[in-house]
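In: need a structure here:
(one chain, ligands or ions: 1)
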Amino acid sequence: TKDGYPSFMAKEIQEQPDAVRRTLQGKVDAQGRITLADTDIEADFLMGLKKVIVIACGTASYSGQIAKYAIERWARVPVEVDLAHEFRYRSPMLDQHTLVLAISQSGETMDTLMAVRYAREQGARVLAVCNTPGATIPRESDAVFYTQAGPEVAVASTKAFLTQVTAVLILALYLAQLRDVGVGAEIGDAVEELRGIPEKVKQVLASERQIKDLAGALAGAPAVLFIGRHVGYPVALEGALKLKELAYTHAEGFAAGELKHGPIALLEPGQVVVVIVPSPIGSPILHAKTMSTIQEIKARGATIIGIAEEGDSVVNTWADEVVALPPTHPLLAPLLTTVPLQLLAAHIALARGMDVDQPRNLAKSVTVE
Ligand code: F6R
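Out: Numbering: from 1, shown residues only. Predicted coordinates:
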């Protein structure tokens, strides 16, 4: 049931602090170390790991892109991310030292299932990250990490995505711990920060009023662009996908550094650009680069909405509107920056009179290839 919320989407967005908290439960021991005792995957295999390949579709694939940044940074294992429907057709190189991470909320997505079967035939080990107990993908995988979002009813994914990001961060930290690659102190800090994330997600949800007003002003926009760097890039892709799905507004997400390689031609007065801004304290170099991109956008007269860390005075000078978020570790930022984009898409859709739970032409799980 909707528990008094106007839609399943509204309810599922609000449930995110609890969904993330449940996904973290039992994964951090009293010493602040990650444990994956209930995930059936041998430590020996993970210690000898040569490569990780993530396969997923849509929103789940964006959590896979975030996994790449986290696993490479913390565990120093090379990661490739593939859309499941592209994977088999590029003759991927895998062997018994490859971990394939299959991320799927429903666990029934046919494209992802076929990629899982192919990976196992080639001798790789498959770990499913799934939200649905007993679904086909976890049953056909070697091991499973269940996200604890609870049933997701709205067709467009929200809370499942946040728990997928949580799961891949836990996995990246676990790999780093096992492989002991000399980033020990950072790992400890990140684990500590992860435990505090549900509370920060709750704080971000408090910006709903501001975002609703913003959505009212943007409801007539013919197109919205989303840009980000580093983990902000997959978040930009997710923001654009949510807006397409829910509001049927043309939206495009791309890496901020790509702007000057082409998309800048789209900019003109009235064009709305949502910028995911890295922390000026946690990621000063990326922050400075993003600021010069913002100035390029401003010089073309476009409208800038910044999703930024609270107290970021530079972004405040340049952006037309800023949604301020609590500070966090740079690799954990997607758990916060995604939330205002979900709210924005949902409120633009509502302002345009759309059914946010059941967008046209979409099904909750895509069981055809
Ligand atoms: C977007 C969305 C889809 C799914 C994709 C994969 O809001 O819901 O892009 O993320 O179809 O679905 P699962 O995770 O069930 O494999």
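In: how close does the residue of the chain found nearest the ligand sit to residue 111?
Out: The nearest approach of the chain to the ligand comes at residue 58, 1.9 Å away (C-beta to the nearest ligand atom). C-beta coordinates here come from the backbone N, C-alpha and C atoms, glycine included. Residue 58 sits 10 Å away from residue 111, going by C-beta to C-beta, to the nearest Å.
In: Equivalent analysis for residue 15, please.
Out: Distance from residue 15 to residue 111, by C-beta to C-beta: 27 Å.
In: Let me see the confidence value for the closest residue to residue 140 other than its chain neighbours.
Out: Nearest non-adjacent residue to residue 140, counting by C-beta to C-beta, 6 or more residues apart in numbering: residue 116, 5.7 Å away. On pLDDT, residue 116 comes in at 98.
In: SS state for residue 116?
Out: helix (DSSP: H, G, I helix; E, B strand; the rest coil).
In: can you pull the contacts of the nearest residue to residue 63 once chain neighbours are set aside?
Out: Nearest non-adjacent residue to residue 63, counting by C-beta to C-beta, 6+ apart: residue 164, 3.7 Å away. The contact partners of residue 164, by C-beta atoms under 8 Å, 6 or more residues apart in numbering, come to 60, 63, 103, 105, 129, 131, 147.
In: ok, so of those residues, who is nearest residue 46?
Out: residue 129 (15.0 Å; C-beta to C-beta).
In: May I have the beta-bridge partners of the closest one?
Out: residue 103, residue 145 (DSSP bridges).
In: what does the stretch 201-350 of the chain put close to the ligand?
Out: Contact residues (C-beta under 6 Å from any ligand atom) of the stretch 201-350 of the chain with the ligand: 241, 245.
In: just for the stretch 201-350 of the chain, where's the confidence low?
Out: By pLDDT under 70, the stretch 201-350 of the chain has no low-scoring segment.
In: Which parts of it are helices?
Out: Applying DSSP state H, counting those that start in this stretch to the stretch 201-350 of the chain gives helices spanning 208-218, 232-247, 284-299, 313-318, 334-351.
In: Identify the residues contacting residue 53.
Out: So residue 53 contacts 79-82, 87, 92, 94, 98-101, 119, 124 (C-beta under 8 Å, 6+ apart).
In: Tally up the residues packed near the nearest residue to residue 341 once chain neighbours are set aside, please.
Out: Closest residue to residue 341 apart from its sequence neighbours, by C-beta to C-beta, 6+ apart: residue 239 at 3.4 Å. As a burial measure, residue 239 scores 29 neighbours (other C-beta atoms under 10 Å).
In: Only the C-alpha atoms, please, for stretch 233-252, written as PDB.
Out: The C-alpha atoms that make up stretch 233-252 are tabulated as PDB, following Å, rounded to 0.1, in the frame of the first residue of the first chain:
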ATOM      1  CA  TYR A 233      28.800  11.500 -14.100                       C
ATOM      2  CA  PRO A 234      26.700   8.300 -13.600                       C
ATOM      3  CA  VAL A 235      24.500  10.400 -11.200                       C
ATOM      4  CA  ALA A 236      23.900  12.900 -14.100                       C
ATOM      5  CA  LEU A 237      22.900   9.900 -16.300                       C
ATOM      6  CA  GLU A 238      20.500   8.700 -13.700                       C
ATOM      7  CA  GLY A 239      19.000  12.200 -13.300                       C
ATOM      8  CA  ALA A 240      18.400  12.400 -17.000                       C
ATOM      9  CA  LEU A 241      16.900   8.900 -17.200                       C
ATOM     10  CA  LYS A 242      14.500   9.700 -14.300                       C
ATOM     11  CA  LEU A 243      13.300  12.900 -16.000                       C
ATOM     12  CA  LYS A 244      12.700  11.100 -19.400                       C
ATOM     13  CA  GLU A 245      10.900   8.200 -17.700                       C
ATOM     14  CA  LEU A 246       8.700  10.200 -15.400                       C
ATOM     15  CA  ALA A 247       8.100  13.500 -17.100                       C
ATOM     16  CA  TYR A 248       8.700  12.600 -20.800                       C
ATOM     17  CA  THR A 249      11.000  15.600 -21.000                       C
ATOM     18  CA  HIS A 250      13.900  15.300 -23.300                       C
ATOM     19  CA  ALA A 251      17.000  15.000 -21.000                       C
ATOM     20  CA  GLU A 252      20.600  14.100 -21.600                       C
END
